[in-house]
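A.B. asks: Attaching a predicted model along with its sequence, questions to come.
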Amino acid sequence: MGNNSTRIILGLAALITLLVLLPFIFSRYYLDLSIVFLINLILAVSFRLITTTGDFSLAHVPLMGMGAYTGALMTKNLGLPFLITLPLAGLVATMVGLVMLYPLIRMKEFAFFIGSYAIGEALRLSWIRLSIFGGHRGISNIASPTISIPGLFTTDFSEVVPYYFLTLVVTVVCLLCMYLLDRSRITEIFKAIHDEPELVKSVGVNITGYRVLAFEVGTFFAGIAGVLSAHHMGHIDPHQFELTTGLYLLIWIVVGGYATFLGPIIGVTFFAIFGEWMRVFGAWMPLVYGCILVTALLFLPDGLESLPKRLSFLFKKTGAGAKS
């Protein structure tokens, strides 16, 4: 196992240990924020999976919304249990994403970026127009999850602490799946498509197929995040999945970095910690986020994940200069 893999595993283990201890330290308010943090981790890491092929999508948040709406409708109208709605909602989001990809896959780079916004916005506006989705008001009174195994136990997750641990378990499973995929040969091909598309094409790799695969896997996990968000909030509406949310997601990724698996985790953690402090700026929050983004692009173009390497290089350079 390489040093990089060891650092990632140790870092994730430390983070998980801290998250397990949070309910015994934090108040209800901070536990609610921690649940949102865990959901954002799934969303950000799944988005980074798509970027490994060079595709940046503004449809990721609307597809998360598709998972949220699907989970809410299955719970309210069909009465399906949480353990069934969770993967089914992810699959529905994946199928909707596949329909989106039919025109999008013909685009690259900036065209893909803008095209994904247009199609994602069309999806979001459909929730307003179609009565089944509740229009502008959305869907309310979404029941808390209940997990039941006949003859053994029934657990209700209506309270914040049990729901926190449910979200934590789902997040760990999702991150583990994405980490294993990140360490696989498939992701190496994703990265090669991003770095050397012509070379990859020349050796017979189906670039379109792998781009679709990355997009669909990322969309599945975005749908999972949507289900968790819907049950946590108890209410969803189209305005929760607007462009602003997608732009915040982009900022998390760019500031944290997307070259490695840890990058988006660092980005989400950074903004989760400083987000509360930055709330004092109120309506100026977008400006603050913009300043952070510009600063990161100027001084840390590879994101916060590159900071240790830069500091190490700086110290070595300073040490070499002192010796000379």
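C.D. replies: Cool, the structure landed.
A.B. asks: how much distance is there from stretch 114-126 to the middle of the chain?
C.D. replies: Centroid separation between stretch 114-126 and its chain, computed with Cα atoms, centre = their mean, to the nearest Å, is 18 Å.
A.B. asks: Show me which residues of that stretch are buried.
C.D. replies: Gly115, Ser116, Tyr117, Ile119, Gly120, Glu121, Leu123, Arg124 (16 or more other Cβ atoms under 10 Å). From N, CA and C alone the C-beta is placed, and that goes for glycine too.
A.B. asks: Restricted to helices, list these.
C.D. replies: Of the positions in these, Gly115, Ser116, Tyr117, Ile119, Gly120, Glu121, Leu123, Arg124 sit in helices, assigned by DSSP state H.
A.B. asks: show me where pLDDT drops low in the protein?
C.D. replies: Scanning the chain with the threshold set as pLDDT under 70 gives 1-5, 7-8, 12, 149-153, 310-324.
A.B. asks: Can you show me the strands along it?
C.D. replies: Along the chain, the segments classed as strands by DSSP state E run 146-149, 153-156.
A.B. asks: With only the CA atoms kept, save the last one in PDB.
C.D. replies: What follows is strand 153-156, C-alpha atoms only, in PDB (Å, rounded to 0.1, in the frame of the first residue of the first chain):
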ATOM      1  CA  PHE A 153     -36.500  -5.100  15.500                       C
ATOM      2  CA  THR A 154     -38.100  -1.900  14.300                       C
ATOM      3  CA  THR A 155     -36.100   1.300  14.600                       C
ATOM      4  CA  ASP A 156     -37.500   4.800  14.100                       C
END
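A.B. asks: one step back: turn the strands of the chain into TSV, including distance to Gly65.
C.D. replies: Formatted as TSV, those follow (distance: least, Cβ to Cβ, whole Å):
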stretch	distance to Gly65
strand 146-149	23
strand 153-156	26
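A.B. asks: Would you mind finding the most buried of those?
C.D. replies: Most buried of the strands of the chain, by mean neighbour count (mean count of other Cβ atoms under 10 Å): strand 146-149, with a mean of 12.
A.B. asks: Give the buried residues for stretch 176-183.
C.D. replies: Residues of stretch 176-183 classed as buried by neighbour count (16+ other Cβ under 10 Å): Met178, Tyr179, Leu181, Asp182.
A.B. asks: which residues sit in contact with the spatially closest residue to the last one that is not a sequence neighbour?
C.D. replies: Read it as Asp182. Excluding the flanking residues, the one nearest Asp182 by Cβ to Cβ, 6 or more residues apart in numbering is Phe261, at 4.8 Å. Contacts here follow Cβ atoms under 8 Å, 6 or more residues apart in numbering; on that basis Phe261 touches Ile8, Val45, Arg48, Met178, Tyr179, Asp182.
A.B. asks: okay but the second one is in contact with Leu175, surely?
C.D. replies: This points to Val45. Yes: with contacts counted by Cβ atoms under 8 Å, Val45 reaches Leu175, the gap being 6.1 Å.
A.B. asks: more neighbours, those two?
C.D. replies: Counted by other Cβ atoms under 10 Å, Val45 and Leu175 do not tie: Val45 has more neighbours, with 27 against 22.
A.B. asks: Kindly provide the distance from the more buried one to Leu58.
C.D. replies: Here Val45 is placed at a distance of 18 Å from Leu58 (Cβ to Cβ, to the nearest Å).
A.B. asks: OK, contacts around Met178?
C.D. replies: Counting by Cβ under 8 Å, 6+ apart, Met178 touches Val45, Ser46, Leu49, Phe221, Phe261.
A.B. asks: Now intersect those with the helices, please.
C.D. replies: Per DSSP H, the contacts of Met178 map to helices at Val45, Ser46, Leu49, Phe221.
A.B. asks: Redo those residues as CSV? Include distance to Thr154.
C.D. replies: Rendered in CSV, the data for those read as follows (distance: Cβ to Cβ, whole Å):
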residue, distance to Thr154
Val45, 32
Ser46, 31
Leu49, 35
Phe221, 28
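A.B. asks: what about burial for those residues, which qualify?
C.D. replies: Among the ones in helices among the contacts of Met178, the ones that count as buried by 16+ other Cβ under 10 Å are Val45, Ser46, Leu49, Phe221.
A.B. asks: Not counting its neighbours along the chain, what's nearest the second one?
C.D. replies: Read it as Ser46. Leaving aside its chain neighbours, Ser46 sits nearest to Phe221 (3.7 Å; criterion: Cβ to Cβ, 6+ apart).
A.B. asks: check contacts around the one you found.
C.D. replies: Ile42, Leu43, Val45, Ser46, Leu49, Gly90, Cys174, Cys177, Met178.
A.B. asks: Asp237 now?
C.D. replies: By Cβ under 8 Å, 6+ apart, Asp237 lies in contact with Gly134, His136, Arg137, Gly138, Ile139.
A.B. asks: out of everything not next to it in sequence, what's closest to the second one?
C.D. replies: Going back to what we said before, that points to His136. Going by Cβ to Cβ, 6+ apart, His136 has Ile128 as its nearest residue, at 5.8 Å.
A.B. asks: what about the one you found, how many residues close to it?
C.D. replies: Count around Ile128 with other Cβ under 10 Å applied: 16.
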